[in-house]
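Enquirer: okay, predicted coordinates and the sequence, questions at the end:
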Amino acid sequence: IYGMAAIFGLLVMGIITLITEWYTATEYRWVQEVATAHWEAAAPSSARDAIGWVVLRHEIDYKIPACLGDEIVLRTWVGQATRITFERFTEVRRLSTEGQTLLARARTVWVPINPDTGKPIRVPTEVRARFST
């Protein structure tokens, strides 16, 4: 009986770990996808072709977990945009008949790169102005 309890405890811990890792990876993917969609929708085509992006820093503050079957909406916006970094904020919310519930907040610092060389580049003033708050 003791051996069974220990195995059960390890299995439960493994399941919790897998769910936590899945949730973290899923949130991160959602944040990247909404940032990409915003860039694709708002950036001029010349900028989309000339500028790639890499993440320098990514922070997520989890409030409450999403559940299977939840309808999720993400909201994103650019905070401070300099010549060499873009700060982006994202909120992950659950939709319900009572309104929206905040599930997580993310802050990501993106660095623009030359897609051919992978080296950081400066973002033109007009592109920064389009996204800056």
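Expert: Received, thanks. Computed from a predicted structure; not experimentally measured.

Enquirer: now do the helices in the chain.
Expert: 2-42, 45-50, 125-131 (DSSP state H).

Enquirer: how far is stretch 112-123 from where the chain is centred?
Expert: 21 Å (C-alpha atoms, centre = their mean, to the nearest Å).

Enquirer: I'd like the numbering to begin with 18 instead of 1 from here.
Expert: Sure thing, new numbering starts at 18, so read that last one as stretch 129-140.

Enquirer: that one - what's its average pLDDT?
Expert: Stretch 129-140 shows a mean pLDDT of 94 in the predicted model.

Enquirer: give me the below-cutoff pLDDT ranges for the protein.
Expert: Applying pLDDT under 70 to the predicted model, the residue ranges of the chain that meet it are 18-41, 150.

Enquirer: go ahead and flag the most central residue of it.
Expert: For the chain, residue 48 is the residue whose C-alpha lies nearest the centre (C-alpha atoms, centre = their mean; 2.0 Å).

Enquirer: now do the contacts for that one.
Expert: Counting by C-beta atoms under 8 Å, 6 or more residues apart in numbering, residue 48 touches 75, 77, 91, 93, 107, 109, 123, 125. Where you see a C-beta, it was placed from the backbone N, CA and C, and this is true even at glycine.

Enquirer: what of residue 86?
Expert: Going by C-beta under 8 Å, 6+ apart, the list of residues near residue 86 is empty.
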